[in-house]
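K.L.:
I'd like to go over a predicted model; first the sequence, then the structure.
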Protein chains: 2
Amino acid sequence: MPATDEEPPAQAGPAAGSRRRVSRRALLTAGGLAVTAGGGAATAAALRGGDGTGASALIPFHGRQQAGILTPRQQYVRLAAFDFGARADRGRAAALLLRWTSAAEHLVRGEAVPPELEPPGSRAAETGALAGTAPARLTLTFGLGPTFFDRTGLTAARPEALAPLPAFGEDQLDAARSDGDLLVQIGADDAFVAAHVLRALQRLARGEAKLRWTMTGFTAADGRRNLMGQVDGTNNPDPAKALVTAPDAPAWLTGGSYVVIRRIRMLLDHWDTLPPTHREQALGRRTADGAPLTGGSERTPVDLNAARADGVPVIATNAHIRLAAPASNNGATMVRRSWSYHDGLRADGTPDAGLLFLAWQPDPRTGFIPVQQRLSRGDALTRYLVHETSALFAVPGGIRPGGYVAQALMEG
Amino acid sequence: MPATDEEPPAQAGPAAGSRRRVSRRALLTAGGLAVTAGGGAATAAALRGGDGTGASALIPFHGRQQAGILTPRQQYVRLAAFDFGARADRGRAAALLLRWTSAAEHLVRGEAVPPELEPPGSRAAETGALAGTAPARLTLTFGLGPTFFDRTGLTAARPEALAPLPAFGEDQLDAARSDGDLLVQIGADDAFVAAHVLRALQRLARGEAKLRWTMTGFTAADGRRNLMGQVDGTNNPDPAKALVTAPDAPAWLTGGSYVVIRRIRMLLDHWDTLPPTHREQALGRRTADGAPLTGGSERTPVDLNAARADGVPVIATNAHIRLAAPASNNGATMVRRSWSYHDGLRADGTPDAGLLFLAWQPDPRTGFIPVQQRLSRGDALTRYLVHETSALFAVPGGIRPGGYVAQALMEG
């Protein structure tokens, strides 16, 4: 047994956890975990029994990138941010990430969380309550917020790109539902599975991290229309090509990216009374089929230079697709993977509904930030939208069998 | 053309609308509607293209009972209660019910709401935004609250069974999210479709009725487990046999029933720390497979008289299945068709999660009310549950092609 495997468990307290390398064996011992390699093979075997859709369909957990980013969108998402407790340090954080990772390997296969992963005092493993949950194309995607690094004694390791987002002109942010030390995106084709998984992650984090906020979203069966009736995400770049790790990113981000999360409420009662031409001009596309107002079909490239006979641009100077276009933003590209939400009525009787906007990119400084700054200065859609929450997370690369999320960072 | 078809449109104001028979033609003229018979044939044709599941699957809208009661549960539900505005009367209410019914016939087929159904000033019909919505096993089920009758000048027609529910000992009700003049239960296998349909119904009700509250719920893929981990609904009676109209019910309720809706929050953080044996004794069933503690499998009848060697009953005297059993309640039966909900975090950090409990029955006075009174007096589960909202609606019988919901009441 190598000497590093004999290191004692990480001690509580920032100093002990943050100053030295954390060994995998120490984590396993500390957490009482019995993680074995070979989860990948089990997943492959289970996948052979799946049919690609429906409750029995599986998404492999392991891979070069975390699942849930390039994965075709599921019908349902539950986003959850966690904050560490007072005892957080590097060793405890690594143990939590390992525990979550190990649980996730089972949950995506529709299996119960193994009892040995449960924290001391947990009763959940003593019943078979989790046994029957369907895989339902479940994915768990983990991210690290800017505050993760200070809380775990890894301040020096925080990438420059992972700075808190700047304020944007029209922000009306709810701090309690923004930011967070840790992100988990739970995607599934089954809302019950997503709720169940959130409960499991909370239970596994007991004493280490608490749920800060959670939000739910959904997609249409065709996955493309939002609650404003627009065909959404038309100009998305090829995700596999766009999510190339930035050259100056740390090694632990290889295969990873950054995700910006904005809860954008739509003023639907207002929007629904607008003349259709006004709506289409604000976006720059036809509502019926998503084609740009310069003609063609949905996939036809927009001609930002087209003008009517009287010289007025066909795509208005403040149209959303003009201001958001890569051509207007030094080629900035983001992979948008958004969900609709509708949480009922607000106190004023208007709908608490809109878009959980998720943008994935190699670097927010050349992605979301400049684009949103440009939109803030005059996007025609802005008056019908309220940005209510905001968060940025670094999303480490994919997880190999036997490893855990952010392992290269935590043990680097 | 028969003389009754020549009656002028119903006038605004309670007196004009409530005193005389409302003719169908008057409603059509008043609403500018062009409802044609034959919707049933169209549905049948569309059904032939469906495969029973998935986004393209249809549930027939017409039938002896309204869809969404005997229909196998969809993955997702959106409950919505509406209140009439100041101008409500019998004629206006009938026109709204006709407009909603006509729209529903199209929506369940995945079609847009026809422009002629839109209220004056609506812009929604001018775009193709609704065209692509999937059927996704959509059902719309309409109900009438106790206040419906006073608001529409039909006070004398209110069934005695449709009195406001009595207070129960442990109620902690939020009045703003309880009751309502009108209910719509929107069930679908697609959360986007349900949200979209709610927006359509709100738009169609503009000037007549406003959304009072809305709640969303979901089922697991296997449809049986709730967030406490229990197998739910085991002892449900055969719905088709249990939902027989009570002998003293008014004719317009033939084929209909009463639905009680209770939003029951679960104290999950407490529940999850309980010893499994405590949980199982509180319910009276094994968590793993739902079998009664007196043995067998899930469907084995419980033996309420079984006792251990020391004389202690196997099913505790305060076990939920003992107190809720028909044998303990003069044979009272309810068809339970509940959904789970999880709306995030409450201000105190506990989960805003639990069960949207729906009980369908021929008469609440012999169904929900006595059972809940019994549970209030000592059900072992009660300490882990908070009843937060409450509502009762009469649900008229099924709708025939060319008719509309509650037509026999409105034109009786």
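P.N.:
Structure's in. What do you need?
K.L.:
how about residue A:255, what does it touch?
P.N.:
Taking C-beta atoms under 8 Å, 6 or more residues apart in numbering or on different chains as the definition of contact, the neighbours of residue A:255 are A:64-65, A:245, A:396-398. For every residue, glycine as well, the C-beta is placed using N, CA and C.
K.L.:
and if we set it to 10 Å?
P.N.:
When the contact criterion is C-beta atoms under 10 Å, 6 or more residues apart in numbering or on different chains, the partners of residue A:255 are A:63-66, A:69, A:243-245, A:395-399.
K.L.:
Same check on residue A:196?
P.N.:
Contacts for residue A:196 (C-beta under 10 Å, 6+ apart) come out as A:78, A:107, A:129-130, A:133-134, A:138, A:186, A:188, A:190, B:220, B:225, B:227, B:229, B:340, B:342.
K.L.:
Tell me the pLDDT of it.
P.N.:
Here, the pLDDT recorded for residue A:196 equals 90.
K.L.:
Tell me how far it lies from residue B:215.
P.N.:
When distances are taken as C-beta to C-beta, to the nearest Å, residue A:196 and residue B:215 turn out to be 19 Å apart.
K.L.:
And for residue A:346?
P.N.:
When distances are taken as C-beta to C-beta, residue A:346 and residue B:215 turn out to be 15 Å apart.
K.L.:
the more surrounded of the two?
P.N.:
Summary of the neighbour comparison: residue A:346 and residue B:215, criterion other C-beta atoms under 10 Å in any protein chain shown, with residue B:215 having more neighbours (20 against 11).
K.L.:
all helices for chain A, in order.
P.N.:
Assignment of helices within chain A using DSSP state H yields the ranges A:14-18, A:24-31, A:39-49, A:90-107, A:146-151, A:191-204, A:239-242, A:268-271, A:276-283, A:320-324, A:368-376, A:407-410.
K.L.:
quick one: which of the ones you listed is nearest residue B:312?
P.N.:
Set against residue B:312 and scored by C-beta to C-beta, these come closest in helix A:191-204, at 32.0 Å.
K.L.:
ok now that closest one, how far from the chain's centre?
P.N.:
Remark: helix A:191-204 is offset 16 Å from the chain centroid, using C-alpha atoms, centre = their mean, to the nearest Å.
K.L.:
Using CSV, list the CA coordinates for it.
P.N.:
Presented in CSV, the C-alpha positions along helix A:191-204 are these (Å, rounded to 0.1, in the frame of the first residue of the first chain):
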residue,chain,number,x,y,z
ALA,A,191,-40.0,15.4,-11.9
PHE,A,192,-40.4,12.9,-9.1
VAL,A,193,-37.0,11.5,-9.7
ALA,A,194,-35.5,15.0,-9.6
ALA,A,195,-37.2,15.8,-6.3
HIS,A,196,-36.1,12.5,-4.9
VAL,A,197,-32.5,13.1,-5.9
LEU,A,198,-32.4,16.5,-4.4
ARG,A,199,-33.6,15.0,-1.1
ALA,A,200,-30.8,12.4,-1.3
LEU,A,201,-28.1,15.0,-1.9
GLN,A,202,-29.4,17.1,1.0
ARG,A,203,-29.3,14.1,3.2
LEU,A,204,-25.8,13.2,2.1
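K.L.:
Could you list the buried residues of that helix?
P.N.:
Taking 16 or more other C-beta atoms under 10 Å in any protein chain shown as the basis for neighbour counts, the residues of helix A:191-204 that come out buried are A:191-204.
K.L.:
nearest to residue A:102, of those?
P.N.:
Proximity of the buried residues of helix A:191-204 to residue A:102, judged by C-beta to C-beta, is greatest for residue A:204, which lies at 9.1 Å.
K.L.:
how far away is that closest one from chain B?
P.N.:
When C-beta to the nearest C-beta, to the nearest Å is applied, the distance between residue A:204 and chain B equals 12 Å.
K.L.:
Could you tell me the model confidence score at that residue?
P.N.:
92.
K.L.:
and if you look at residue A:245?
P.N.:
Each residue has a pLDDT score; the one for residue A:245 is 87.
K.L.:
burial of the residue nearest to it when sequence neighbours are not counted, as a residue count?
P.N.:
In space, and not counting its chain neighbours, residue A:245 is closest to residue A:254: 5.3 Å by C-beta to C-beta, 6 or more residues apart in numbering or on different chains. Counted by other C-beta under 10 Å, the residues lying close to residue A:254 total 14.
K.L.:
How about residue A:331?
P.N.:
For residue A:331, the tally of surrounding residues (other C-beta under 10 Å) stands at 9.
K.L.:
correct me, but it touches residue A:361?
P.N.:
No. In this structure residue A:331 lies outside contact range of residue A:361 using C-beta atoms under 10 Å: 11.9 Å.
K.L.:
rewinding a little: how about the residue nearest to residue A:245, what does it touch?
P.N.:
Listed by C-beta under 10 Å, 6+ apart, the contact set of residue A:254 reads A:64-65, A:245, A:396-398, A:408.
K.L.:
ok so, going back, in a markdown table, list the contacts of residue A:255 along with neighbour count.
P.N.:
Compiled in a markdown table, these are given as follows (neighbours: other C-beta atoms under 10 Å in any protein chain shown):
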| residue | neighbour count |
| --- | --- |
| A:63 | 18 |
| A:64 | 13 |
| A:65 | 23 |
| A:66 | 26 |
| A:69 | 24 |
| A:243 | 22 |
| A:244 | 11 |
| A:245 | 17 |
| A:395 | 24 |
| A:396 | 27 |
| A:397 | 22 |
| A:398 | 18 |
| A:399 | 27 |
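K.L.:
I'm done for today, thanks for sticking with me.
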